[in-house]
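S.K.: Next come a sequence and a model predicted from it.
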Amino acid sequence: MPYRAPVSEFQFIFDHVVGFDQVAQTDRFAEATHETVDAVLTEAGKMCEEVLAPLQRVGDLNPAYLENGVVRTPPGFDDGFRAIADGGWIAIAADPEHGGMGLPMAMTTAVNEMMSGACLSIQLAPLMTQGQIEALEHHASDDLKALYLPKLISGEWVGTMNLTEPHAGSDVGSLSTKAEPNGDGTYAITGQKIYISWGDNDFTENTCHLVLARLPDAGPGTKGISLFLVPKRLPNADGSVGVANTLKVVSLEHKMGLHASPTAVMQYDGATGWLVGEEHDGMRAMFTMMNNARLGVGVQGIGVADAAYQHALAYAEGRKQGRTENNTITDHADVRRMLATMKADTFAARAIALANAVAIDMETATDHPDWAARAALLTPITKAFGTDTGIAGASTGVQVHGGMGFVEETGAALFLRDVRVTAIYEGTNGIQSMHLVGRKLMDGGEAAYRLLDEMEAHAEAARASHPDLADPVWQACETLRETTEWMVAQGAQDRFAGSVPYLHGFARVLGGHFHLKAALADRAGPHERLAAVYINRLLPEHMGLLAHARQGADDLFAVTLDDLAA
Ligand SMILES: Cc1cc2nc3c(=O)[nH]c(=O)nc-3n(C[C@H](O)[C@H](O)[C@H](O)COP(=O)(O)OP(=O)(O)OC[C@H]3O[C@@H](n4cnc5c(N)ncnc54)[C@H](O)[C@@H]3O)c2cc1C
């Protein structure tokens, strides 16, 4: 389906909203000049428009399937993946020592969003591989890095991530896959993993699985888990692929959407694996991959939100219904509301994700703990708000189409079916929200207060030129500060009861801050007009969300299970 890469919008947000200039001024990312950013995003955008976007519909209509134990992917997906790999788009941020570009995560984030908007199901393959590259860079031995990283970075091999088991979903600590030392430095991995995205394919010569498993002397829970690299085919020392490992795809899931992405049940029967990181410390290594993937999955939602918006706008501009000036539905106030909401929310979610990526880049470049804390705070917000924005946007896109939105031939429903899972995988949005009010506020709320100080100072300064927009943003920051203080003072159950509305309230206020910045940089321009829509109409939702967040858990548990069943 047609897709227009939002390259100039990324440039605007980099330049005026998220402070990308700080990143470009560091020694580590000195190569990320304005010209480099422009060249990279333009080239990647072209590939998304011309190569990936046409695959989206093909993939939906021709799901991946299993044939005699071999995963078959939809027509054109081999060429699509090769275009991603040959363009270097898997490894924009990876270490140049092994063939990566060494560019900022902010640029990866922008490219990932465009690939997701163009074709979500194929983008999941490079996303999993990016996460594996980062986990190996940080935690693998030098020998493993030398053997695997060049192959993953070039896209000759792909990576997957294996956490989930039938009885171990959100509760990863209850997993039971076993790892036994073979006595030669390798391990024998035995067990079953489910829902493994891109568990295999028919276009790369190897698929490398990062698998969480337990050693014989492992304690219970997450502390007893170790991480192993388990390739489909065992590599020879020269990097060529050798014999098949003892693992297989047992079946592929039939899903609501994302049909082209093979979601596999994997069986490991004493498969040979190599330890990544220390024994019993696998969750730390896996978290490197998961944090990368959480930002990436949030961005998947934003990419789909934008694509669904573009699709809805194009339809509305051609649909004549009712007596209006242009005779199209774009003249109806409610249709304007839907389109403007989609655009304003996509801007807010995109700015949050890019600010998150900038914080990661600044952490990488400066090693300063405040940047690490900022990145950690923003990651669950990016994941949950980005994906919920994708789902809400795709649903609104169906509504803009009217009956034609429910009919598959327009493609509006495809966005909604594909994006729905993004709120579920990579840690459900409920779990993300619990992380936000749990782990991320364990510092007594310091990282949140530092961010609020900046947001309030900005709103204060903006009062001179934009009082109508700046005042509500400042007020919203105060309400968020009070709610954060309330959260920090509560026990776990009361925090968790309000975690989802708290995360959404936080995102709403952050969105107001970023829209205000855009308005100041684009006076009397489209960003200022969009900011007014967001701040007048969507920002006020933070009051209800944050009031909800402060309710505690008592009334929820006062409703008994019998009441629920009545
Ligand atoms: C298409 C697809 C692709 C996937 N890809 C991968 C992959 O590549 N690798 C991989 O390892 N996994 C993958 N997954 C698995 C995915 O990460 C899990 O489905 C997800 O983590 C949720 O686990 P679950 O399905 O067991 O749900 P459950 O854990 O059973 O959760 C059910 C509900 O209960 C809630 N819940 C559970 N525990 C708590 C708690 N402690 N507090 C509050 N609420 C709670 C959840 O938020 C959810 O709403 C994929 C799943 C799908 C559908």
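M.R.: All right, it came through fine.
S.K.: Okay, buried residues for stretch 168-188 please.
M.R.: For stretch 168-188, the neighbour count (16 or more other C-beta atoms under 10 Å) marks 168-169, 172, 175, 177-179, 186-188 as buried. All C-beta atoms are positioned from the backbone trio N, CA, C, and that covers glycine.
S.K.: So which of those residues is the closest to the ligand?
M.R.: Nearest to the ligand among the buried residues of stretch 168-188 is G169, at 1.7 Å by C-beta to the nearest ligand atom.
S.K.: ok, now which ones touch the closest residue to the ligand within the stretch 201-350 of the chain?
M.R.: Distances between the stretch 201-350 of the chain and the ligand by C-beta to the nearest ligand atom are smallest at T263, namely 4.5 Å. Neighbour list for T263: 195-197, 199, 252-253, 255 [criterion: C-beta atoms under 8 Å, 6 or more residues apart in numbering].
S.K.: Next: Q490.
M.R.: Q490 makes contact with G552 under the criterion C-beta under 8 Å, 6+ apart.
S.K.: pretty sure R495 is in a helix, no?
M.R.: Yes. Per DSSP: H, G, I helix; E, B strand; the rest coil, R495 lies within a helix segment.
S.K.: these two touch, right, it and T484?
M.R.: No. Applying C-beta atoms under 8 Å as the test, R495 and T484 come out as separate, 10.8 Å apart.
S.K.: Report the set of residues contacting both of the two.
M.R.: Both R495 and T484 are in contact with L441, where contact means C-beta under 8 Å, 6+ apart.
S.K.: could you redo the contacts of T263 as JSON lines and give each row distance to the ligand?
M.R.: Below are the contacts of T263 laid out as JSON lines (distance: C-beta to the nearest ligand atom, whole Å):
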{"residue": "Y195", "distance to the ligand": "3"}
{"residue": "I196", "distance to the ligand": "5"}
{"residue": "S197", "distance to the ligand": "3"}
{"residue": "G199", "distance to the ligand": "8"}
{"residue": "L252", "distance to the ligand": "10"}
{"residue": "E253", "distance to the ligand": "7"}
{"residue": "K255", "distance to the ligand": "6"}
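S.K.: from those, which is closest to G99?
M.R.: S197 (23.6 Å; C-beta to C-beta).
S.K.: The closest one and T222, how far apart?
M.R.: According to C-beta to C-beta, to the nearest Å, S197 stands 21 Å off from T222.
S.K.: ditto for D494
M.R.: Distance from D494 to T222, by C-beta to C-beta: 24 Å.
S.K.: Counting neighbours around each, name which of these two comes out higher.
M.R.: Between D494 and T222, counted using other C-beta atoms under 10 Å, D494 has the larger neighbour count: 20 against 17.
S.K.: Got phi/psi on the residue lying closest to the more buried one once chain neighbours are set aside?
M.R.: In space, and not counting its chain neighbours, D494 is closest to G552: 4.1 Å by C-beta to C-beta, 6 or more residues apart in numbering. Backbone torsions for G552, taken as degrees, to the nearest 10, come to phi 80, psi -170.
S.K.: what sits against the residue in the stretch 451-566 of the chain positioned nearest to the ligand?
M.R.: Closest approach of the stretch 451-566 of the chain to the ligand (C-beta to the nearest ligand atom) occurs at F496, with a separation of 6.7 Å. By C-beta under 8 Å, 6+ apart, the residues touching F496 are 434, 437-438, 553.
S.K.: Now with 7 Å, please.
M.R.: 434, 437 (C-beta atoms under 7 Å, 6 or more residues apart in numbering).
S.K.: coming back round to it: which pair in the buried residues of stretch 168-188 has the greatest spatial separation?
M.R.: G169 and T186 (28.6 Å).
S.K.: Show me what the least confident helix or strand in the chain by mean pLDDT is packed against.
M.R.: Ranked by mean pLDDT, DSSP states H and E, the weakest helix or strand in the chain is helix 282-318, scoring a mean of 92. Helix 282-318 makes packing contacts with helix 105-118, helix 120-139, strand 206-214, strand 225-231, helix 333-366, helix 369-400, helix 412-419 when contacts are defined by 3 or more C-beta pairs under 7 Å, 6 or more residues apart in numbering; DSSP states H and E.
S.K.: how about the ones you listed in JSON lines, adding distance to the ligand and mean pLDDT?
M.R.: Formatted as JSON lines, the helices and strands packed on helix 282-318 follow (distance: least, C-beta to the nearest ligand atom, whole Å; pLDDT from 0 to 100):
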{"stretch": "helix 105-118", "distance to the ligand": "14", "mean pLDDT": "98"}
{"stretch": "helix 120-139", "distance to the ligand": "6", "mean pLDDT": "96"}
{"stretch": "strand 206-214", "distance to the ligand": "8", "mean pLDDT": "97"}
{"stretch": "strand 225-231", "distance to the ligand": "12", "mean pLDDT": "97"}
{"stretch": "helix 333-366", "distance to the ligand": "20", "mean pLDDT": "97"}
{"stretch": "helix 369-400", "distance to the ligand": "11", "mean pLDDT": "97"}
{"stretch": "helix 412-419", "distance to the ligand": "10", "mean pLDDT": "98"}
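S.K.: Wait, Y148 touches T207, no?
M.R.: No. Under the criterion of C-beta atoms under 7 Å, Y148 is not in contact with T207, lying 11.8 Å apart.
S.K.: Can you give me the neighbour number for G402?
M.R.: G402 has 17 nearby residues by other C-beta under 10 Å.
S.K.: same question but for G273, I mixed them up
M.R.: When neighbours are counted by other C-beta under 10 Å, G273 comes out with 25.
S.K.: who's in contact with it?
M.R.: G273 touches 179, 186-187, 189, 211, 228-230, counting by C-beta under 7 Å, 6+ apart.
S.K.: Would you map the helices across the stretch 401-550 of the chain?
M.R.: 403-406, 412-419, 429-437, 446-462, 467-489, 492-497, 499-521, 526-533, 541-549 (DSSP state H, counting those that start in this stretch).
S.K.: With I329 as the reference, measure out to the residue in the chain sticking out farthest from the centre.
M.R.: Within the chain, the residue lying farthest from the chain centre (C-alpha atoms, centre = their mean) is R323, at 42.1 Å. For R323, the distance to I329 equals 12 Å [C-beta to C-beta].
S.K.: Dump the C-alpha coordinates for stretch 328-341 into CSV.
M.R.: Extracted in CSV, the C-alpha atoms of stretch 328-341 (Å, rounded to 0.1, in the frame of the first residue of the first chain):
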residue,chain,number,x,y,z
THR,A,328,-15.9,15.4,0.6
ILE,A,329,-16.0,14.1,4.2
THR,A,330,-13.0,16.2,5.1
ASP,A,331,-15.4,19.2,5.6
HIS,A,332,-17.2,17.5,8.4
ALA,A,333,-16.1,18.6,11.9
ASP,A,334,-16.0,15.1,13.3
VAL,A,335,-13.9,13.8,10.4
ARG,A,336,-11.5,16.8,11.0
ARG,A,337,-11.4,15.8,14.7
MET,A,338,-10.5,12.2,13.9
LEU,A,339,-7.7,13.2,11.4
ALA,A,340,-6.3,15.9,13.6
THR,A,341,-6.3,13.6,16.6
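S.K.: Tell me the predicted confidence for T410.
M.R.: What the model reports as pLDDT for T410 is 96.
S.K.: what about it, distance to A312?
M.R.: The separation that T410 has from A312, given C-beta to C-beta, amounts to 10 Å.
S.K.: what touches both of those two?
M.R.: With C-beta under 7 Å, 6+ apart, T410 and A312 have common neighbours H401.
S.K.: between the two, which one's more packed in?
M.R.: Legend: neighbour count by other C-beta under 10 Å for T410 and A312, higher for A312 (26 against 19).
S.K.: Return the residues in contact with that one.
M.R.: Taking C-beta under 7 Å, 6+ apart as the test, what A312 contacts is 339, 342, 397, 400-401, 412.
S.K.: Note down every partner strand of the longest strand seen in the chain and its orientation.
M.R.: Scanning the chain for the strand with the most residues, using DSSP state E, yields strand 263-276. Next to strand 263-276 in the sheet, as set by DSSP bridges, lie strand 187-197 (antiparallel), strand 225-231 (antiparallel), strand 247-252 (antiparallel).
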